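S.K.: With the input below, show me the fold.
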Amino acid sequence: MNYLNIHPEVQKALDNNQAVVALESTIISHGMPYPKNLETALMLEEEVRKNGAVPATIALINGKIKIGLTKVELTFLAKEGLKVTKTSRRDIPYVLAKKLTGATTVAATMIAADKAGIRVFATGGIGGVHRGATETFDISADLQELAKTNVAVVCAGIKAILDLELTLEYLETLGVPVLGYQTDELPAFYTRKSGFKVDYKMKNPKEIADLLKAKWNLNLEGGVIIANPIPKESALDFDVMTKAIDQAIIEQNKLGIKGKESTPFLLAKVKELTKGKSLESNIELVKNNVILAAKISVEYIKN
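M.R.: Residues are numbered from 1 along each chain as shown. Below you'll find the predicted structure:
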């Protein structure tokens, strides 16, 4: 049985060797409230198109992995919000078999994109090693997926609520390159600095596309992280964000929130503590990422 359902616009682009950018759907269902989530989803797709590529937002609907969504499907995801199943690798078979609606995480979006032949994916930030993981072993499935799935992930770095140092160590062990777009320093989602270095600084989209071709032409399996700093005008103060995140983690621990509920709780709490500033920054950084992803995708399809 073929579980993939590829939107005609996306299929045409793939057949004609045109640039395509995968987009996740948890940002729609779990990332922000309606109608801001729908407005953002439509805006991101439009930014991909403006920069020469075709958008392919991915979700699980009625027993199919949908590669590219209609406006009706995007609206449905946005309105259902938290009722939608947050879907990572382990959840895909259950959601498909039960014909539930699933919003894809970074890991699940990578899997779907890979199966459709899409090599570039844009998101906000990737998951990683949670703070306190030496006790809890709470490590995002995103990292294992990056180790084995041939999709490049354009992001604003590792989500700042996580343990950045341990995440970088884990990625090194898995052989996942962390590239900095025009920066030596790893961005930390809402802020442009983290105190940690990337593996390689890349000057332009062509350099990145050339690296992707070299990696995959050698059959070196796995993804690549392209860390793209949030625009300066949208970045939040490093110290303010650090304080908000520390407070959010204290509250999370008090409430005993763990696993897949952890990230949505922390992001919502940080939004509350920053009086909504983190949400606006989140939107701007994702927009910045989809623009870069489209440019990389355009370079990648060139011979």
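S.K.: Give me the below-cutoff pLDDT ranges for the stretch 201-303 of the chain.
M.R.: For the stretch 201-303 of the chain, the stretches flagged by pLDDT under 70 are 260, 303.
S.K.: List the buried residues of the longest helix anywhere in the chain.
M.R.: Assignment by DSSP state H gives helix 277-300 as the longest helix of the chain. Of the residues in helix 277-300, those with enough neighbours to count as buried (16 or more other C-beta atoms under 10 Å) are 277-279, 281-300. Where C-beta positions appear, they are placed from N, C-alpha and C, glycine not excepted.
S.K.: other SSEs contacting it?
M.R.: Helix 277-300 is packed against strand 20-23, helix 36-50, strand 120-122, strand 152-155, helix 205-217, strand 224-227, helix 262-273, with contacts defined by 3 or more C-beta pairs under 8 Å, 6 or more residues apart in numbering; DSSP states H and E.
S.K.: Tell me which of those sits nearest to residue 100.
M.R.: Go through the helices and strands packed on helix 277-300 one by one with C-beta to C-beta and the one that ends up closest to residue 100 is helix 262-273, at 17.9 Å.
S.K.: Can I get the closest one as PDB, trimmed to CA atoms?
M.R.: Output in PDB follows, covering the C-alpha atoms of helix 262-273 (Å, rounded to 0.1, in the frame of the first residue of the first chain):
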ATOM      1  CA  SER A 262       7.900  19.100  27.400                       C
ATOM      2  CA  THR A 263       8.800  21.400  24.400                       C
ATOM      3  CA  PRO A 264       5.300  22.800  23.800                       C
ATOM      4  CA  PHE A 265       5.000  23.600  27.600                       C
ATOM      5  CA  LEU A 266       8.400  25.300  27.700                       C
ATOM      6  CA  LEU A 267       7.800  27.400  24.500                       C
ATOM      7  CA  ALA A 268       4.400  28.500  25.800                       C
ATOM      8  CA  LYS A 269       5.800  29.400  29.200                       C
ATOM      9  CA  VAL A 270       8.700  31.400  27.600                       C
ATOM     10  CA  LYS A 271       6.100  33.200  25.400                       C
ATOM     11  CA  GLU A 272       4.200  34.100  28.600                       C
ATOM     12  CA  LEU A 273       7.300  35.300  30.400                       C
END
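S.K.: who's in contact with it?
M.R.: 30-31, 82, 86, 127, 130, 138, 159, 161, 241, 244-245, 247-249, 251-252, 255, 257, 278-279, 282 (C-beta atoms under 8 Å, 6 or more residues apart in numbering).
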